[in-house]
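got a sequence here, can you model it:
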Amino acid sequence: MRQHIEIPIMSYQGGPAPGNGFWTGHDPPDTTNPQAPRPQYLPNPPTPYPTPMHHTQLPNVQHQQSAPEYASRGYYTPPAIQPQALQAQYIQPSQLFQQPTTQPAQLNPLSLGPKVATPTTFKHSARMTPSPSDTQSDRSMLLLSLAEEYFDAAHQLAPTVSLAMTANNVESYERLIATGLGCLEAALKRGRLQPRQDANVRLRYASVLYEETENYMEAEVTLNRGIALCERNHYFDLKYSMQYLLAQIMSKKSPKASMKVLDGYITEAEAYKHFSWVYALRFLRASYALESGNPTDNHVAIHNLQKISDLASVSKQNDRAIHLTASLMEAMVQLKSAGPDSVEHVQRAIAAARMHQLDVGRSIPQLNALSHIIDVMCSIRQRDFPQMYAKLKDLQGLMDSATEDPAWSCDVIAIPINRTPSSSQTVSHETRSVLGIGPDGGDNLMMSFLQSRDVYAISYLLAGVVLLHRHPNEDKGYKFLQNGLGFLESDTKICKVRSGILPDLVSKQKWRGLVLCYFRLYLAFNASALSDWKNAKRSIDQVEATAKRFEITVDGALKSLTKYLTGVYHQGSGDTETALRIFQDQTFELLQPKSNPSSSDQVERDLSLLAAINSLWILQEPNRKNVDHNTTLIAKLEPYCKRHPNKDIQIAFNIVLASVVTNPPLQHFAVRAHLGLAMEMVKTTANSQLTSILLSIMCSRFFVTTISDQAEKSAIAAARGALKNGNALWRSVADGLLAHNLELQGKSAEAQGALDRALKLARIAVPER
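As a prediction, this is how the structure comes out:
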């Protein structure tokens, strides 16, 4: 089962709202330098972007004995902020309108001293500079300045709060956000704003409501009014941004309604040939279709991604980076399917992506890394071990160089789009959370992506999974898991960003916690394969502790894996009563398979099959043995196991058929046929543990009472296979068989040595309770 893993590599969830993080004129953090403070708005703005709409996530790998040092990366460690110190800065927005109108100077932001620093946005933007003679405009601009100051203060506080979610810290953050929202609301209701400025404020107000609160109704009303305003004034760029955000908000209440309205927006954008927005809206539509988990919606997601690829093809828009992104996302969608043709579809999508990987992948290392990871995971699904190791080596080489690539200095990527004549009306500085303008004047589709250390963690996990399968007794796989676990664990204790939106930071921490759970699960698998039950139990307990720490719901594949490993621990340590109760739990009930199962569904079903096989072997104890029950359970397993796509499960089932007594018992030739078939398959899977078990059972069934050279060779082969695998229990079994064979041949001294080894290994494999 080491081949089963489902980790979210890339997550396109629509991302933050179009107004995310920064309202018009407030530039986001510099994507090329995470340490730099946020630049201010200039009349001819550059192209740094705020946190984008499209989420993507990935890894970084290195074959070393320990995790690489990252001290030179210059990560920022936030100071211990005292949230309560910010409380003195709260100003009720309504107080600004209670100031005497005869003293307009008191409303000048510059007169407030260090408490409120006026953003250069409001000093330099032609649209937003208030007239000196307009007191009401002065008040509106001050409100907007104050709102951004409060949001900035909250976002600077967020990294510290995300690591210590105490009631006081969270309340301080929420009060800052609430006060900033109050300022925006007052500006909308009482200020005299120009139409475009009014639309911008509405977009900002709705985006903060979406990101920071659950007041989706207020956000929806605000956007509907803003969309009507944009239509009257032909603000196409802001209209698309508002429609995009409105679809995101609607998805929180009614995903189906959101997908329906997105279809309408896509049709409109295609009619007007606003291709950049067609890409953005179709990507969002595909992400929501995937979230539903409905097989029909999965087809819709693939349809939208293929539509993007077709539009971005060389014969049409020639947007190679978009074509590469859509192809990779389609490969991920297909990889999540457990259908018989899913691997073929994944390979086809990867082949389509490779058409542009050489020219585009070099400038966008994140997409290049994603293509390699999908390739490795596809080879794991195929059980093609020579290809698996080769592709893993390529991934390691790529990640070693990508770690220091300046193009991967943050978690934001810009996917270039060729600019069209209509882009000047539909893409602007105000839409840069979804679509921005690149240095070359072209459009950029903004996506969030995993930081390089997160990608590194996934690469280490994949390396551990691949290497543990073939040689569980070697240190390579174990060290990859330990090193990856180490630096990912450290990332959950120190927040390496200056500022951020608290819900987003908490979500990223939770994702890292989920990956930590999988690291610990595979460490438990490794310990179990070596009969190291003490470490196996420790890793299982740490999975539960990690899930509790990060408030992760243990269900689905994660629940099945944890429960199955718990049963394996009890079985291996000799508590077969508890093990049998776990394996017969309703979690592992064999139900009718779904018509279109996902890869997660397949993992749960495979674990149910393995639990039934484990139960069957436990039931062969003399006091539990029931031949009729054996026959019934084998008949129940046969439809699922006989032609299972995972050959390891086929091998295990054939071993069961050859070793478990049924009614009527199998003929000698049938036993030999099952073991022969299993031996042929194990040569292709290179599973050392199954090889060891198979050799021991063959020796036991055919040569245990035979005195011949062939019998001795069979016992020696079983002992060598067990030694190579490293499992103490099966080493004990094989040495016991060898001792018995040598004793029959009169080699008493050699037999005693083999028996002593067998007894010693038995005490290690099954410690006294």
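
show me the helices in the stretch 651-769 of the chain, by range?
668-685, 688-702, 709-725, 728-744, 748-765 (DSSP state H, counting those that start in this stretch).

ok, which of these comes nearest Arg190?
Closest of the helices of the stretch 651-769 of the chain to Arg190 is helix 668-685, at 71.7 Å (criterion: C-beta to C-beta). C-beta coordinates here come from the backbone N, C-alpha and C atoms, glycine included.

what does that closest one contact?
Contacts to helix 668-685, defined as C-beta atoms under 8 Å, 6 or more residues apart in numbering, come from residues 383, 385, 647-648, 650-651, 654-655, 657-658, 666, 690-691, 694, 697-698, 701-702.

by how many degrees do that helix and helix 688-702 diverge?
Taking axes from the mean of the first three to the mean of the last three C-alpha atoms, to 10 degrees, one finds helix 668-685 and helix 688-702 inclined to each other by 160 degrees.

what are the buried residues along helix 668-685?
Using 16 or more other C-beta atoms under 10 Å as the test for burial, helix 668-685 gives 671, 674-675, 678-679, 681-682, 685.

what mean pLDDT does it get?
Confidence for helix 668-685, expressed as mean pLDDT, is 91.

again, but for stretch 635-653
Stretch 635-653 comes out at a mean pLDDT of 93.

list the buried residues in it.
For stretch 635-653, by 16+ other C-beta under 10 Å, it's 637, 640-641, 644-653.

closest to His570 out of the residues you listed?
Among the buried residues of stretch 635-653, Ala652 lies closest to His570 (C-beta to C-beta), at 19.3 Å.

so the closest one touches Ala611, yeah?
No. Look at Ala652 against Ala611 with C-beta atoms under 8 Å: they stay out of range, at 11.8 Å.

in the chain, what secondary structure element scores lowest on mean pLDDT?
Sorting the helices and strands of the chain by mean pLDDT, DSSP states H and E puts helix 120-124 at the bottom, at a mean of 32.

helix or strand next in line after that helix, which one?
Past helix 120-124, heading to the C-terminal end, the next element that is a helix or strand (DSSP states H and E) is helix 135-163.

helices and strands around that following helix, which ones?
helix 93-96, helix 120-124, helix 167-190, helix 195-212, helix 502-529 (3 or more C-beta pairs under 8 Å, 6 or more residues apart in numbering; DSSP states H and E).

could you pull out the strands in the stretch 351-500 of the chain for me?
For the stretch 351-500 of the chain, applying DSSP state E, counting those that start in this stretch gives strands covering 412-417, 435-437, 443-448.

and the first one, how far out from the chain middle?
For strand 412-417, the distance from its own C-alpha centre to the chain's C-alpha centre is 20 Å (C-alpha atoms, centre = their mean, to the nearest Å).

what's the answer for the last one, then?
On the basis of C-alpha atoms, centre = their mean, strand 443-448 sits 20 Å off its chain's mean C-alpha point.

what is it packed up against?
Contacts defined by 3+ C-beta pairs under 8 Å, 6+ apart place strand 443-448 against strand 54-55, helix 275-292, helix 320-335, strand 412-417, strand 435-437.

partners of the fourth one, with directions?
Listed by DSSP bridges, the sheet partners of strand 412-417 and their directions read strand 443-448 (antiparallel).

tell me the mean pLDDT over the strand it pairs with?
On average, strand 443-448 scores 92.

okay, the angle between that strand and helix 275-292?
Going by the same axes, to 10 degrees, strand 443-448 makes 20 degrees with helix 275-292.

please save the CA atoms from strand 443-448 in CSV.
Below are the C-alpha coordinates for strand 443-448, written out as CSV (Å, rounded to 0.1, in the frame of the first residue of the first chain):
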residue,chain,number,x,y,z
ASP,A,443,-1.7,40.4,-20.0
ASN,A,444,-0.8,38.1,-17.1
LEU,A,445,-3.2,35.5,-15.5
MET,A,446,-2.3,35.5,-11.8
MET,A,447,-2.1,32.2,-9.9
SER,A,448,-1.0,31.2,-6.4
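
helix or strand: which one has Val300?
Here Val300, judged by DSSP H and E, is contained in helix 295-311.

report the buried residues of that helix.
297-298, 300-302, 304-309, 311.
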